[in-house]
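Student: with the input below, show me the fold.
(one chain, ligands or ions: 2)
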Amino acid sequence: MTARNLTRFWEWGRKIICVGRNYADHAKELKNAIPTEPVLFLKPPSAYLKEGSPIIVPAYSSNLHHEVELGVVIGKSGRGIPRESAMDHVAGYVLCLDMTARDIQEECKSKGLPWTLAKAFNTSCPVSEFIPKDKIPDPGNVTLWLKVNDQMRQNGSTSQMIFSIPYLINYISDIISLEEGDLILTGTPKGVSGVQEHDEITAGIEGIVTMSFTVDRL
Ligand SMILES: O=C(O)/C=C/C(=O)CC(=O)C(=O)O
Ligand SMILES: [Mg+2]
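Tutor: Ligands and ions are numbered 1, 2, ... in the order given. Here you go, the predicted model:
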């Protein structure tokens, strides 16, 4: 695989590994305890969505939430990757939305069931264009923002992450081997809220990238 192909990594069919509750202010807004180790879940590659196509609210949900997140694109495979060399495995970044059927997630949590229906549905992972690694020299200190219909809902810095990107790469790769083209979603800052059919979501990494998606129902 060449670096050129990696700019369309979402077509490779690789894993999407998501980290939850990685910002204390978001954990608190959903009344969760601050985690002492990363909370992980997965999305399938069919969750990817590129600009130009709408986010589809799952028919079984009436409370779809946005979560803006920094995505880390893996460029070099590995398992048990030491924290010290973790950044050598990063090819670049994307801005991501971890679209979440919050009502279904609450139901799953109360029944002790996995979050698959809430997190892994088609179009649940809108992504920006690929951002080469050198465009973000310090991914631990960028501002993520998200607006719905031009109203600011989320605005936070990756400096607020509980577990850093090197920590996450080390932790995840001890459990799940990382491959070229995998994507790690690093969690969302506070301000998650509901979206409706016809809403427009705009999000950005300050000074680096912006993206927009509309919301639709089938
Ligand atoms: O535990 C909850 O109620 C919700 C957790 C999440 O949805 C976690 C995330 O996806 C996140 O923090 O980004
Ligand atoms: Mg999330």
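Student: who touches Asn141 in this structure?
Tutor: Asn141 makes contacts with 157-159, as judged by CB atoms under 8 Å, 6 or more residues apart in numbering. Every C-beta, even on glycine, is put in place using the N, C-alpha and C of the backbone.
Student: again, 10 Å this time
Tutor: 157-161 (CB atoms under 10 Å, 6 or more residues apart in numbering).
Student: among those residues, which ones are buried?
Tutor: Those of the contacts of Asn141 that meet the buried threshold are 158, 160-161, by 16 or more other CB atoms under 10 Å.
Student: and of those residues, the nearest to ligand 2?
Tutor: Distance to ligand 2 across the buried ones among the contacts of Asn141 (CB to the ion) is lowest for Met161, with 12.0 Å.
Student: now the residue nearest to that closest one when sequence neighbours are not counted: phi and psi?
Tutor: Distance criterion CB to CB, 6 or more residues apart in numbering; nearest residue to Met161, sequence neighbours excluded, is Asn22 at 5.2 Å. Backbone dihedrals for Asn22, given as degrees, to the nearest 10, come out at phi -90, psi 0.
Student: next: the one 3 residues further on.
Tutor: Main-chain dihedrals, Asp25, degrees, to the nearest 10: phi -70, psi -30.
Student: measure Cys18 to Leu218 for me?
Tutor: Separation of Cys18 from Leu218 (CB to CB, to the nearest Å): 24 Å.
Student: C-terminal to the helix or strand harbouring Asp103, what's the next element?
Tutor: Here Asp103 is covered by helix 102-111, with elements defined by DSSP states H and E. Counting by DSSP H and E, the next helix or strand C-terminal to helix 102-111 is helix 116-119.
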